[in-house]
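In: Output the structure for:
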Amino acid sequence: MRNLAKYIFIISFGLLCFTPTFVNAQDNTPTLQQLVASGDKEYTNKEYIKAKTYYQEALRMRPNDASTKGKLDRTLQRIREENKKEEQFFEHIDIADGLYANNELEKALAEYNKALKIFPKDEYALGKKEEISTILKDEKDKLNNFNEMVTIADRLLKEEKYAEAVMQYESALQLYPNNSAVKEKFQEAKSKKSAYDSKVSEYERLKSQGQEYALRKKYAEAIDAYEQALLVFPNETELSRTISELRAKKDVAERYDTKIAEADAFYEDRSYNDAKASYQAALTVIPDDSYALGMIARIDEIVNSPEYLKIQNDKAKLDSNFASFMGKAETAEAQKNYEQALTYYTKALELKPNNAEALAKKQNAENMILYAEQQRKEQERLAAAEAEKQRKAQIQNLINTGNQQITDKKYADAENTFNQVLVLDPNNATATEKLGVIAGFYEEIQRQKVENYNNAMAEGRYAMDSWNYAEAIRQYNIALTNKPGDEAATQQLALAQQNENMRVAALQNEYNGYVTKGDAQFQTKNYDKAIEFYTKAINMNTGNPYPSNKIREIGEMLAANKLLDLITDVVAISSSETKRFTFEPVDASTRRGNYLLIKAKNLGERQFIMYISYGSKNGRSGGFTVTVPKNQDVNDFIIRIGSQYKWFSEDNTWIEILPENGSIEITSMEITKGN
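Out: I've put the predicted structure just below:
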């Protein structure tokens, strides 16, 4: 705002100074036309303050001149517009100066450019723009150099050229010391350089150690050192070649040392021929070896002496005896006769006390003898344990069987079973206890039999008095089961059977009567009456399927002659609810032989009455009642509706169902006719 105040002060001061100077400078008083013309010229040159002065002077001469007044108003509007532009200009300048002070150069440059759009030739804004552009260009060059250094450093770090990478990161940080990302990379490069330097130091140490071992022909140690060095820098091909060469030398040295050690052992054992052969084998590994050549010369001298020949003869005899004992021992061992084998191995060792083979085989024979004894004892232990396990299992099985027999009241069998337990385990407490329980059961059984007999006889007499001869027969049989051969029970049983036979004969006669009546009604096509008699025959419970089959035959016959279906879906009717089913009148020629077939199920748990009514638009014509049984089956109800005069004499158009004291579910309702 300080710059804005400065500009306003300069402009105001100029205006204050200009007007008096202009007026005082006039030697002659100008005319109105001259003042207006001067004003127009200054307006055209956009010198609106000067134009305003001329127009005001003109209006002093002619205050009401409309043209001059209009020009003055236009000029004042321009001055106000210019003042507004100046305000906007200085607002951008103030914002730009603040951004510049905060080093937000790109934002400041944008604000200076906005100011220059208002006053493109303003020297202050132009100067600031040029200054910022120079700074930004320098900063861009600096940033490009920085980025290039960082890129090179990143590449060097990736290539594991840590020293060069550290130098590049360090140079970059001299340009931007506070860049955290580059600081981290710089520390990473320094850390990796330090680690790499440590690896190089370790590599050189191991390599030097390997060279020292190689010079001392310690090939295994040299190879180990070189391999550790190769783990540090796996791509060192020269080191791999050196290791391969050392392995070849190590193999030669090991083969030579093996043959020399073998030869020296034979020599110490005075096995000169074997020793000489081993020394010669060592020479195939390292030809002209002085040690091997010297030992061969010494052996040749020994074997040609008289003393050696005698020793050889004695040795041959000892070897023969030793081999004989060893052979006999091995034969016995093959036959698993380890005791005899041990004897022969002992004799062989008396000849050659330190023979490794004989010592090992003797030890093996002793181990086998010990193992066989352990196996024998273990088998005896396992056999005894298994026998005891089986004995206990048998005892437990017998106890379980006895307990079940007691539960099943097979007391004699249980007594025998628990006595078997005592044979296997004389002190078995469970068996002893159970035998005591069984003895008590025998007493209770006898008492219970007397009680059962008395109860059965009493129930038999009551059944006889009630003419329930089948129950009397059952009770007298129970009495004879508890007291076999009892004379009173036998006599009463015979009497009950006689009475039952008479009752059955009478029942059969009644059954035959119902069937005969049903057949008669069937023949005369009174199907509802036939069904009534067949149902009574079924209720006699003789078990004969004939009446049931006849009812089914009637139902199938009537269903085949169906005239109308009164329902298409299942219909449920609640207790005391009336449900009406409408239809077109049945052909009058068939009405006398009409039947109403209903299949329905009781939805409750008790028997009830169902009322069936029929009628027309004139009102109720007639009806029937049927009893709905309390079962949960779908029952068939066959009503001879054509037997009523009002049915066949009038054009009935509806049937109503009213269940009383129960609900029903109707699955089918048809009007049919008899044959």
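In: For stretch 261-272, list every residue counted as buried.
Out: 262-263, 266-267, 272 (16 or more other Cβ atoms under 10 Å). All C-beta atoms are positioned from the backbone trio N, CA, C, and that covers glycine.
In: now swap in stretch 534-549 and tell me
Out: Buried residues in stretch 534-549 (16+ other Cβ under 10 Å): 534, 536-538, 540, 542, 547.
In: What is the longest helix anywhere in the chain packed up against?
Out: The longest helix of the chain (DSSP state H) is helix 356-407. Under the contact criterion of 3 or more Cβ pairs under 8 Å, 6 or more residues apart in numbering; DSSP states H and E, helix 356-407 touches helix 306-334, helix 338-351, helix 411-424, helix 429-465.
In: just these: most buried one?
Out: Among those, helix 338-351 has the highest mean neighbour count (mean count of other Cβ atoms under 10 Å), at a mean of 19.
In: Run through who's touching that one.
Out: With Cβ atoms under 8 Å, 6 or more residues apart in numbering as the test, helix 338-351 has contacts from 318, 321-322, 325-326, 328-330, 332-333, 355, 358-359, 361-362, 365-366, 368-369, 372.
In: Could you do stretch 205-220 as well?
Out: Contacts for stretch 205-220 (Cβ under 8 Å, 6+ apart): 221-223, 225-226, 228-229, 232, 239, 242, 246-247, 249-250, 253.
In: one more time with 6 Å
Out: Residues outside stretch 205-220 that contact it (Cβ atoms under 6 Å, 6 or more residues apart in numbering): 221-222, 225-226, 228-229, 246, 249-250, 253.
In: same check, this time on stretch 303-313
Out: 272, 302.
In: I'd like to know how far Ile531 sits from Ile638.
Out: For Ile531, the distance to Ile638 (Cβ to Cβ, to the nearest Å) stands at 5 Å.
In: scratch that, Thr284 is what I was asking about
Out: From Thr284 to Ile638 the distance is 122 Å (Cβ to Cβ).
In: Kindly report the same for Asn544.
Out: The gap separating Asn544 from Ile638 is 21 Å, by Cβ to Cβ.
In: can you tell me the helix or strand for Lys601?
Out: Secondary structure from DSSP states H and E places Lys601 in strand 594-602.
In: For that strand, what is the distance to the chain centroid?
Out: How far strand 594-602 lies from its chain's middle: 58 Å, per Cα atoms, centre = their mean, to the nearest Å.
In: Make a ChimeraX selection of whichever of the contacts of stretch 205-220 turn out to be buried.
Out: To isolate the buried members of those in ChimeraX, using 16+ other Cβ under 10 Å:
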select :221,222,225,226,228,229,246,250,253
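In: could you pull out the strands for the chain?
Out: 562-565, 571-573, 579-582, 594-602, 608-616, 619-628, 634-639, 654-660, 664-673 (DSSP state E).
In: CA atoms only for the fifth one, dumped as CSV, please.
Out: Translated: strand 608-616. Extracted in CSV, the C-alpha atoms of strand 608-616 (Å, rounded to 0.1, in the frame of the first residue of the first chain):
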residue,chain,number,x,y,z
PHE,A,608,-68.7,-84.1,15.0
ILE,A,609,-71.9,-83.7,12.9
MET,A,610,-71.8,-82.2,9.4
TYR,A,611,-75.1,-80.8,7.9
ILE,A,612,-75.6,-81.0,4.1
SER,A,613,-78.5,-78.9,2.6
TYR,A,614,-79.6,-78.2,-0.9
GLY,A,615,-82.0,-75.8,-2.6
SER,A,616,-82.7,-73.3,-5.3
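In: relative orientation of it and strand 619-628 in degrees?
Out: Strand 608-616 and strand 619-628 are oriented at 160 degrees to each other (axes from the mean of the first three to the mean of the last three Cα atoms, to 10 degrees).
In: swap in the last one?
Out: Put simply, strand 664-673 runs at 120 degrees to strand 619-628, going by the same axes, to 10 degrees.
In: distance of Lys434 from Arg80?
Out: 129 Å.
In: try Val200
Out: Distance from Val200 to Arg80, by Cβ to Cβ: 81 Å.
In: same deal with Gln644?
Out: Taken as Cβ to Cβ, the span from Gln644 to Arg80 is 117 Å.
In: now do Val182
Out: 56 Å.
In: do Gln404 as well
Out: For Gln404, the distance to Arg80 - Cβ to Cβ - is 124 Å.
In: One more: Ile573?
Out: Counting by Cβ to Cβ, the gap from Ile573 to Arg80 is 99 Å.
In: more neighbours, those two?
Out: It is Ile573, of Ile573 and Arg80, that has more neighbours when counted by other Cβ atoms under 10 Å, with 19 against 11.
In: bridging residues for that one?
Out: Ile664 (DSSP bridges).
In: What is the neighbour count of Glu227?
Out: Quick note: Glu227 (other Cβ under 10 Å) scores 15 neighbours.
In: Which pLDDT value goes with it?
Out: pLDDT for Glu227: 82.
In: Also the one 5 residues further on?
Out: The predicted local distance difference test score for Val232 is 80.
In: try Ser649
Out: In this model, Ser649 carries a pLDDT of 91.
In: same deal with Ile311?
Out: The per-residue pLDDT reported for Ile311 equals 68.
In: and if you look at Ile11?
Out: 42.
In: And the one 10 residues further on, by the same measure?
Out: Looking at Thr21, its pLDDT stands at 38.
In: can you offset everything so residue one is 39?
Out: With 39 as the first residue, the last one maps to Thr59.
In: returning to what we had before: so which of the buried residues of stretch 299-310 are in helices?
Out: 300-301, 304-305, 310.
In: from those, which single one is nearest Ser209?
Out: The closest of these to Ser209 turns out to be Glu300 (Cβ to Cβ; 68.7 Å).
In: In contact with the nearest residue to the closest one once chain neighbours are set aside, which residues?
Out: The shortest distance from Glu300 to any non-neighbouring residue, by Cβ to Cβ, 6 or more residues apart in numbering, is to Ser316 (4.6 Å). Contacts for Ser316 (Cβ under 6 Å, 6+ apart) come out as 297, 300-301, 304.
In: Quick check: which ranges of the stretch 539-688 of the chain have low pLDDT?
Out: Along the stretch 539-688 of the chain, the model assigns pLDDT under 70 to no residue.
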